Every structure is written in structure tokens, then in C-alpha cells.
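Undergrad: Sequence first, predicted coordinates after that:
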Amino acid sequence: MYLNCKTYFSFRYGIFSAEQLVNEAVNYGVNFLALTNINSTADHWDFFTACNNNDIKPLLGVEIRNEDDLLYIIIAQNNEGIANLNSFLSGYLMEKNEFPEKCPKLDKTYVIYPLSREQNCTCSNEFIGIQPSEVTKLFSKKNLVKKCVVRQPVTFKDKQTYNLHRLMRAIDKNILLSLQQPSHIAGSNETFLPSADIFKAFELYPQIITNTLKLSEACSYEIDLHSDKNKQFYTSSLEDDRKLLEKLAFEGMIKRFGKNNKEAHKRVRKELDIINKLKFNAYFLITWDVIRYAQNRGFFYVGRGSGANSIVAYCLQITDVNPIELDLYFERFLNPYRTSPPDFDIDFSWKDRDEVIDYIFKRYGKKYVCLLGMYSTFKKRAAVRELGKVFGLPKSEIDALVKDSNATFTADKIQRQIKLYGDLMKGFPNHFSIHPGGMLISEKPIFQYTATTFPPKGFTTSQIDMFIAEDVGLYKLDILSQRGLGHIKDAVELVKQNRNITIDIRKVEDFMKDEKLSQQIRDADTIGCFYIESPAMRQLLKKLRCGDYITLVAASSIIRPGVAQSGMMRQYIYSYHNPDKVKYLHPLMEELLKETYGVMVFQEDVIKIAHHFGGIDMGEADVLRRAMSGKYRGGDGFLKIKDKFFLNCRNKGYSPQLTTEVWRQIESFAGYSFSKAHSASFAVESYQSLYLKTYFPAEFMVAVVNNFGGFYSTELYFHELKKTGAKLHAPCLNKSEHLTTINGNDVHIGFIHIHNLEENTIISILEERKSGHFKSLENFMLRTQTGIEQLCILIRAGCMRFTSKSKKELLWEAHFFHRKMKTDNASSLFETPEMNFEIPELSSSPYDDVLDEIELFGFPLCDCFDLVNTDFSGTVTARQFPENTGKKVSVVGYYITAKPVKTVKEEYMYFGTFLDRNGEWIDSVHFPDVATKYALQGNGFYKVCGKVVEEFGVYSLEVSGMEKLGLIAALTENTI
């Protein structure tokens with residue numbers, strides 16, 4: 001009877017999750033149930049599983065709408081029908097066309113029209129859906145009965161969820177609740193009904209009941225949700241895949257380890273046997289194929305994920321992490337209990353990634369490949385803001401509620417309703433998105449499992465997310481992008497262009513032995529370097545006095561929040577410097593954790609402890625790992641593992657105190673822990689960045705600027721660029737390019753950094769300049785026909801200083817020529833003699849350029865400390881911190897960044913980062929009372945007072961007071 005049910009994957013419409021919908025159906029004794037979300041099949045398989053678990057027959061379908069207009073419902077008869085339904089839905093979604101009012105012929109499907117569209121019901125597989133409330137309309141249409149089925153829509157549960165539905169619809173329409181129209185919302189009767197009420201409503205038309213039952217009986221789906229649906233063979237068979245992978249692996253082993261490395265040979269053989277046994281040969285070969293394409297195209301990449309634990313992956317050059325050297329835990333990568341392929345995360349430069357994705361689509365066929373979708377969900381702040389808008393609250397009140405983490409929402413009835421319904425909608429899917437890098441490559445056409453859409457990215461994308469894909473048996477390959485690889489690639493190219501030096505950036509083992517690089521890490525001179533440039537990471541490197549690869553690998557993991565907040569980061573640093581004072585919780589813990597001084601640093605450590613100490617088998621340990629990394633949604637599975645861990649420990653004779661402490665350390669990793677292979681992969685890229693920064697600092701910083709990525713602002717990276725000794729120039733019409741360029745020691749800022757300069761203007765400049773440099777302002781205007789507003793921006797940015805005229809002269813001339821060209825229509829193909837002017841001497845200030853730079857670049861090109869209104873009396877610099885340890889001092893700092901954190905009391909504090917007048921770093925700590933009393937007020941200069949504190953040789957300022965400083969009078973006067 002329920003052939004038209006929705007979940008919250010009818011975005012901003014449905015209220016149930018798939019599980020809630022099925023549970024409600026159980027309460028009403030329902031035997032069969034159809035899921036028909038609006039233009040979506042996103043949670044078909046969650047619904048399918050929930051129905052099977054509750055002995056309800058699932059029917060899989062979709063409700064087709066154009067905006068609020070219900071056209072028809074499609075229900076798949078079998079697996080072929082699912083594919084046809086998904087194909088039809090995808091075609092219109094990807095083309096962004098309106099759906100046809102009559103459903104085209106789709107084999108193995110049923111189509112149900114609402115009674116208002118009875119005229120479209122003409123085919124044998126088509127029916128008219130009658131709601132119980134519509135039965136009286138059949139008195140005059142008895143000839144339709146043979147084509148009718150019961151259609152009782154289900155959208156919500158009760159009055160409260162009906163109200164929530166109405167609010168969601170108002171949010172979707174972006175209107176006040178009071179302006180809502182009946183066409184925007186579901187009928188108030190779209191709930192489950194007692195079966196007796198439905199049979200009573202149709203007692204005069206038993207054939208309609210019979211038609212409905214026959215339709216449900218005719219639907220059946222055969223799918224093993226636990227079998228691997230990924231592409232099964234790279235070649236033509238499992239055996240051919242095995243032979244090819246073995247050939248490639250042993251050839252690569254010889255290149256990596258030489259011919260006589262018995263340990264490498266033994267491990268390669270062991271891995272190949274397990275890979276073949278688990279039928280993962282194709283997964284490795286497909287990844288190798290992608291890497292081979294990238295290498296042939298000269299693309300930079302980093303292979304990471306659990307696959308980096310594999311020596312086969314290392315031999316295939318999927319990764320550059322030697323698992324023997326790092327003693328990587330093989331079972332973290334593959335074990336006989338594992339049913340899903342291991343993770344390969346392949347990072348490419350953001351400039352190259354789309355071409356790699358395009359290759360995969362073309363190589364393996366668009367019928368079988370798609371990007372992986374995902375969904376953003378309503379969080380508390382978003383829910384409060386959206387509900388405040390539909391209730392008509394003023395923006396100021398909404399902002400106050402959103403910003404106040406302690407808001408009680410008790411001021412009035414509306415605030416109480418916002419709290420009530422905001423809590424109810426928390427976690428609801430809000431809108432469709434794309435997974436950062438996941439791709440699906442299936443054996444059968446992708447429409448067997450999901451509909452697809454065509455988001456702005458330009459590649460076909462699944463409606464199912466990662467969790468549902470894995471439940472179906474589709475496992476993603478991650479093709480990711482990151483700016484760090486862009487830095488490296490561009491820096492290598494810039495060094496070749498500027499110095500004619502060719503760099504082999506993959507000689508990482510040589511970099512790791514370079515003492516200059518080791519000293520650079522110890523000094524934490526790492527700005528711009530991938531993963532090791534943040535304030536927290538630089539502090540950690542200094543505290544560890546880290547100068548080698550192994551320690552950098554550990555640092556890449558212990559910097560994670562879970563380790564830091566649990567106190568284990570501090571414990572690790574202390575133990576690293578005092579290994580003879582390490583106290584292990586148990587002799588077995590010493591055996592398992594000696595390398596990391598008794599601290600669980602990596603996911604592998606947790607798995608080892610769970611398995612060897614807690615008696616958890618490797619399959620369960622892998623579930624534990626996934627739960628820690630947020631990739632597991634197995635309900636009470638995690639709790640069952642915890643119970644088993646405690647039981648096993650009790651049986652082994654461990655004390656309750658010991659067991660509780662070991663589990664506490666495991667739990668502190670939840671959501672934050674890194675695999676060792678992951679950290680090692682990051683460390684490899686960090687060394688590549690560091691090599692370039694150490695030996696080619698100017699080219700490297702230009703590359704960082706041009707990739708617009710990293711922890712800091714563009715201003716900070718230009719500051720670092722100037723520290724290399726490079727001479728930084730404002731943009732120039734005759735010398736600058738779209739991006740920033742370096743020629744010798746001269747760096748010209750790219751046009752892209754000029755705020756409000758339009759792309760078309762930049763293109764026009766670069767195209768016209770191909771025929772020769774611009775000779776004057778008039779020459780530029782005649783050749784490019786640039787409008788007056790864009791012209792003024794270029795002049796104020798200093799782009800025309802090659803004319804040797806002041807900006808004010810140029811601005812006067814620009815307006816004169818602009819008016820003259822409009823009057824004379826002077827866009828002549830023939831060059832005319834230039835006009836000379838004698839204009840009065842125009843006053844100027846050296847700070848005019850500064851103000852223009854701040855407005856147009858976002859920062860001045862001069863030393864910014866020349867602009868602060870202070871004489872620095874009574875202040876110290878970062879260099880003087882050691883001699884002032886424990887004392888109260890004042891510093892003048894230029895604000896760079898701050899990291900807010902919550903204390904155990906749920907109060908906010910933050911860690912600040914400033915530059916002093918010598919260009920050196922000041923790290924500050926602002927505890928909750930200070931953070932509240934002396935709040936940061938945006939970018940600029942601050943006088944910061946506090947006590948100098950030291951930890952492991954690293955100094956910071958424990959702030960007790962702070963005030964924002966103004967700019968010098970010459971600047972403020974010029975802005976009046």
C-alpha cells in the first residue's frame with residue numbers, strides 16, 4: 001500500500017532516515033514498502049538492508065518531480081529495472097533538463113501516475129496511484145479502477161515531524177514560514193495508517209488492493225551486498241592478473257633493492273600470495289596503471305594510505321615509502337580477515353588531478369566509472385541560522401545566537417522552537433557534494449548500483465556516498481589533489497628556467513642524508529614546506545630537535561589533536577630525550593612500543609596493542625582502526641570490541657586499572673590517529689619541499705605563492721620570499737605575467753594578485769603584449785581598449801611605472817585620453833602621434849603607494865613595521881626571550897594566525913602566532929580569561945604583554961594583556 005515513501009534523502013523534504021522509516025513500518029505491520037525519494041536513489045541500499053533485516057519486502061523506486069510538480073513514480077521490477085531507472089534519472093540530472101511529463105518506456109519498471117495525471121497512463125506497466133482520501137473521485141471514473149493501485153504517501157511520522165517538514169520546505173524555498181504555499185509542502189495525511197483504515201477506504205474497490213499486491217509480488221532483486229563489485233580483472237582473468245603483478249613486482253624489487261636482498265624477496269612473495277588469495281590483483285594493477293600514466297605525463301604524485309605499508313606497492317612505484325626500512329606493520333595493510341581492498345590515496349598536483357581523472361574515465365569506460373558523491377549535513381550553527389531566517393528573526397539576533405556557544409534558546413517561544421527543531425534536523429543531509437578524491441570503478445555498469453549526477457566539477461558523480469558504496473561492495477580509489485605537489489612541480493620548473501639546473505626530486509634518500517636539510521628541520525625553518533610549516537608543527541620540530549626522517553615520521557603523527565590533547569605528545573617528547581626514564585605499563589607494552597618510547601603514536605601501534613595485548617583478532621582490530629579514523633558506521637560493533645578487549649584482558653590476568661589505562665590511550669586516538677605509512681609518505685613530500693627551500697629558496701617561495709596553498713596567507717609567503725634576498729617588484733605591464741615570475745633575483749608580482757582586476761583585462765594585456773611592449777599609457781589604451789575603472793586599478797597598482805610618471809599624472813592622463821577616445825572614437829588601427837601635456841605639479845606622499853598596495857594587494861610591499869604607530873620602547877623581540885624566561889615582557893607583533901581550542905571546561909582559548917620587527921616568530925598562549933578580556937581584533941599590530949615560558953627549549957609568551965596598535969599618522973591622514 002505504501003508505494004510512495006520518502007526519507008531525508010528527499011533533500012529538505014523527507015524526515016525519516018531509511019532505518020527510521022522501516023522501523024515505523026514494522027510498528028504498523030507493513031509487509032512491503034517502496035522507497036521513492038524525490039529525484040534520488042541515494043539511500044536505496046540502506047533501505048534494502050533495513051527491510052531485509054525486518055522481514056519487509058523492499059521495493060526500490062524514485063519519485064520524479066520538476067520543482068514542486070509531481071509527475072510520476074517509477075518502481076524497479078528487478079535488477080535490470082534498477083539500472084534502467086538509475087540511467088533514466090541520471091540522464092536528466094546530468095543534462096539539467098526538466099523531466100518529461102510522460103515517462104518514456106523503461107523496461108522492467110512500473111510507473112505510477114498521480115490521479116491528476118491519469119491521462120498519461122497508457123502502457124501496460126503504468127498505473128494510477130489512488131490515495132485513500134481520493135477514493136470518492138472514482139465514483140465517476142470506474143473505468144480507471146483496473147489501472148489503479150493504492151498510493152499512500154509517507155513523508156513524516158506525526159504532528160511534530162510534519163512541522164519539521166514545513167520548516168525544511170521553507171528553508172529550501174528560502175522564504176518565511178508565513179509565506180509558504182500548499183504546493184510547497186506534503187499533505188498533512190502523508191503518514192503510515194492502520195491497515196484496517198486503508199482496507200476500509202477501498203472496500204468498494206477490492207481490485208485496487210489486488211493490483212497493489214500483484215505489483216509488489218512482481219518485484220524482486222538479487223544482489224549480494226557483501227561481494228566485491230569493483231572491476232575484477234585488469235587483464236582478462238585472475239590468473240593473467242596474478243602473472244602480470246608478479247612480473248612487475250619482482251622487476252620493481254630488483255630496481256629498489258637489488259638482486260640479492262633475501263628479506264625483500266621473502267616479503268614480496270608473501271604479499272603477492274595474500275593479494276592473490278584475496279583477489280586484489282586488479283586493484284593493484286589499476287593503481288599501477290594510473291601511476292604509469294602520471295609518470296609518462298611527467299606528473300608529480302605521492303602514494304599514501306594503508307597501501308603504503310606494502311612492499312609490492314613500493315616496488316610498483318605506487319609509493320616511495322620503504323616498508324622494510326620503517327618496519328611497517330604488514331597486517332595494517334592486508335590480513336586474511338580483510339574483505340575490502342586496502343586504501344591507496346594518490347595525491348597529485350591540483351593542476352594535474354583532473355587530467356588523471358579524465359584518463360581513468362576514458363581508460364575504464366564511462367559506463368563503469370564515476371566520482372564518489374557525499375552529502376553535507378545540517379550542523380547546529382547552520383540549523384540555527386536557517387531556522388532563524390524562516391521564523392523571521394532579525395539578522396543581528398540570528399548572528400548572536402549562532403556565535404554564542406552558551407546560548408540557552410529560552411528567551412521566547414521562537415527561540416525554543418529553533419532549539420527543538422534544530423536538534424531534530426541535526427545530521428539531516430542538506431545538499432549533495434563530492435568526495436574529496438574517491439572514484440568507483442565497477443565490474444558491471446555503475447547504474448546497477450547508483451544514479452549519477454553532473455556537478456560543477458564536470459565528471460559523472462554517484463548519488464551514493466562512501467559508506468553505502470562499501471556496503472554494496474564498491475571500494476573507492478582515492479585520486480586526490482594537494483597544493484604541496486604543485487609547489488614542488490612548479491619550483492623544479494622555475495629552477496630549470498631561472499638557473500638552468502635540472503633537479504631529480506625523487507632522490508629522497510639523498511635528501512634524508514643531507515646535513516643542511518637536517519639543520520633546516522632542527523631550526524624549524526620550514527615555511528612553505530608541506531605538512532611541517534604550521535606553528536604547532538614548527539614548535540614540535542624544535543622541541544624534538546628533529547633532524548632525521550624517522551623522527552619526522554613520528555612528528556607527523558603526534559602533531560594530531562588526539563595525541564596532543566591526551567598528553568601523549570608531551571610524554572613522547574620527554575621520553576624521546578630521556579629514553580632511560582621511560583616506564584612501560586607492562587613488559588608486553590615495552591616489546592610492542594619500544595620504538596615510540598611507550599606511546600601509541602600510529603594506528604599500527606593501536607592495532608598491535610589490541611591484537612597482542614588485548615587478544616582482539618586482526619579483523620576486529622581493523623574495525624577498531626576504521627572506527628578510530630571515522631570510517632566505520634557499524635552501530636554497536638565498536639562497543640562489542642571494547643567489551644571483548646576488557647574480557648580478554650581479565651582472562652589474561654591484567655588488573656582493571658592497567659586495562660582501563662591501556663584502553664584510555666587507545667580511545668584518545670579516536671578520529672585523529674595516522675597510519676605510520678601515511679606519516680612516512682607525508683615525510684617524503686616534506687623532504688622534497690625542504691630540499692627545494694634549502695637550495696633554491698627564491699624559486700621555491702615563488703612556487704608556493706603561485707599555488708595559493710599552505711597554512712598561511714599570501715602576504716606571509718611574500719614576506720618569506722623577501723627574506724631569501726630576492727628583490728620584490730610590484731606588477732608591471734611589460735614584465736609581469738598572470739602568476740608571479742622570477743628572473744635572476746628579480747621577482748615581479750603576478751596580475752592575479754591585484755584585487756578587482758578582471759580576468760579579461762589580464763588576458764587582453766598578455767595577448768596584446770605578444771606584439772611588443774607597451775610604450776606609454778596612451779599606447780596601452782589604444783591597443784587594449786581597457787575601461788577607465790580597470791585602467792585606474794592598473795595605475796594605482798604601479799603597473800605603469802615604466803613610463804617614469806607619477807601615479808597622479810597617469811590618472812589625470814588616463815581620464816583625459818578616455819574622454820578623448822570616447823569623443824573621437826579613436827580605436828584606430830594606425831598609430832597616432834602621442835600628445836604631450838604640461839600639467840601642474842601634483843603633490844604626493846611616499847605613503848600613497850603603501851595605501852594603494854594595502855587596498856589592491858591586501859598588504860604593503862615595504863617593511864610593515866615601518867607603518868606601526870609605536871617607538872618600541874620597553875618592548876623585547878623573540879631573540880630576547882631566553883634571557884627573559886619567567887619574566888613579564890611586552891612585545892610588538894604583527895598578527896599572523898590563531899588557533900582556537902576548547903578546554904575541558906568547554907571554554908575557548910587560543911594559540912597565537914605573530915611576527916616581531918626582526919621578522920622572527922612569536923608564539924603566544926591566550927587562556928580563556930585573557931582570550932575573553934583581550935580578544936583579537938583582526939589583522940594588524942598588537943602590543944602583547946605576558947610571561948615568557950619555556951618547554952623543551954622552545955619559548956612562547958603566556959599572555960596577560962593585549963592592545964591593538966594603530967598606524968602612523970601619515971597613513972591615517974591620507975585615508976581621511
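TA: Sure, I can see it.
Undergrad: Wait, N79 touches C219, no?
TA: No. N79 is beyond contact range of C219, at 10.8 Å (criterion: C-beta atoms under 8 Å). Every C-beta, even on glycine, is put in place using the N, C-alpha and C of the backbone.
Undergrad: Same drill for these two, tell me which one is more crowded.
TA: C219 (21 against 17; other C-beta atoms under 10 Å).
Undergrad: who touches the more buried one in this structure?
TA: Residues near C219 by C-beta atoms under 8 Å, 6 or more residues apart in numbering: K57, L59, L60, I75, A76, Q77, N78, Y110.
Undergrad: Now render these as JSON lines, adding neighbour count.
TA: As requested, the contacts of C219 are exported to JSON lines (neighbours: other C-beta atoms under 10 Å):
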{"residue": "K57", "neighbour count": "16"}
{"residue": "L59", "neighbour count": "26"}
{"residue": "L60", "neighbour count": "25"}
{"residue": "I75", "neighbour count": "26"}
{"residue": "A76", "neighbour count": "26"}
{"residue": "Q77", "neighbour count": "22"}
{"residue": "N78", "neighbour count": "17"}
{"residue": "Y110", "neighbour count": "25"}
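Undergrad: Give me the subset of those lying in strands.
TA: K57, L59, L60, I75, A76, Y110 (DSSP state E).
Undergrad: out of everything not next to it in sequence, what's closest to the first one?
TA: What it means is K57. The shortest distance from K57 to any non-neighbouring residue, by C-beta to C-beta, 6 or more residues apart in numbering, is to F32 (4.0 Å).
Undergrad: How many neighbouring residues does that neighbour have?
TA: By the criterion of other C-beta under 10 Å, F32 has 19 neighbours.
Undergrad: Which pLDDT value belongs to it?
TA: Looking at F32, its pLDDT is 94.
Undergrad: just N143 next, same as before
TA: So N143 comes in at 83 (pLDDT).
Undergrad: ok, so what distance separates it from F646?
TA: 69 Å (C-beta to C-beta, to the nearest Å).
Undergrad: neighbour count winner among these two?
TA: Taking neighbours as other C-beta under 10 Å, N143 and F646 compare with F646 leading, 16 against 8.
Undergrad: For the residue lying closest to N651 once chain neighbours are set aside, list the residues it contacts.
TA: Among residues not flanking N651 along the chain, G615 sits closest, at 7.7 Å (C-beta to C-beta, 6+ apart). Counting by C-beta under 8 Å, 6+ apart, G615 touches K644, F645, N648, C649, N651, K652.
Undergrad: Out of the residues you listed, which is nearest to L93?
TA: Nearest to L93, judged by C-beta to C-beta, of these is K644 at 44.9 Å.
Undergrad: Point me to the helix or strand that includes the residue lying closest to that closest one once chain neighbours are set aside.
TA: In space, and not counting its chain neighbours, K644 is closest to I616: 6.4 Å by C-beta to C-beta, 6+ apart. Assignment of secondary structure by DSSP states H and E places I616 within no helix or strand.
Undergrad: ok, now the one 5 residues further on?
TA: Taking DSSP H and E as the definition, A621 sits inside helix 618-628.
Undergrad: list the contacts for R917?
TA: F865, F872, T877, V892 are the contacts of R917 under C-beta under 8 Å, 6+ apart.
Undergrad: Any idea what the last one is bridged to?
TA: When you say that, I think you mean V892. Beta-bridge partners for V892, by DSSP bridges, are K943.
Undergrad: residues contacting it?
TA: Contacts of V892 (C-beta under 8 Å, 6+ apart): F865, V868, T870, F872, T875, D916, R917, F941, Y942, K943, V944, L965.
Undergrad: between the residues you listed, which is closest to L334?
TA: The closest of those, once distances to L334 are taken by C-beta to C-beta, is D916, at 50.8 Å.
Undergrad: nearest spatial neighbour of the closest one, skipping sequence neighbours?
TA: Spatial nearest neighbour of D916, excluding adjacent residues (C-beta to C-beta, 6+ apart): T877 at 4.6 Å.
Undergrad: follow-up on the earlier one: pLDDT score for the residue nearest to N651?
TA: Note for G615: predicted pLDDT of 90.
Undergrad: still on that earlier bit, if I look at the residue nearest to D916, how far off is V930?
TA: Taking C-beta to C-beta, one finds T877 at 22 Å from V930.
Undergrad: How about P206?
TA: Distance from P206 to V930, by C-beta to C-beta: 77 Å.
Undergrad: Looking at these two, which has the bigger crowd around it?
TA: V930 (20 against 11).
Undergrad: Quick check: I73 touching L59?
TA: No. Using C-beta under 8 Å as the test, I73 is too far from L59 to be in contact (10.2 Å).
Undergrad: Find residues that contact each of those two.
TA: L3, A34.
Undergrad: Near the closest residue to P445 other than its chain neighbours, how many other residues are there?
TA: What sits nearest to P445 in space, not counting adjacent residues and going by C-beta to C-beta, 6+ apart, is K367, at 4.6 Å. When neighbours are counted by other C-beta under 10 Å, K367 registers 13.
Undergrad: and if you look at L177?
TA: Neighbours of L177 using other C-beta under 10 Å come to 17.
Undergrad: Could you report the distance from it to T235?
TA: Taken as C-beta to C-beta, the span from L177 to T235 is 60 Å.
Undergrad: do the same with N143
TA: In terms of C-beta to C-beta, N143 sits 60 Å off from T235.
Undergrad: Now the helix or strand hosting H435: buried residues?
TA: According to DSSP H and E, H435 maps onto strand 429-441. Of the residues in strand 429-441, P429, N430, F432, I434, H435, G437, G438, M439, L440, I441 count as buried by neighbour count, 16 or more other C-beta atoms under 10 Å.
Undergrad: what's the farthest-apart pair in the residues you listed?
TA: N430 and I441 (28.5 Å).
Undergrad: burial of the nearest residue in space to L193 that is not next to it in sequence, as a residue count?
TA: Leaving aside its sequence neighbours, L193 sits nearest to Q152 (C-beta to C-beta, 6+ apart; 6.2 Å). For Q152, the count of nearby residues is 23 (other C-beta under 10 Å).
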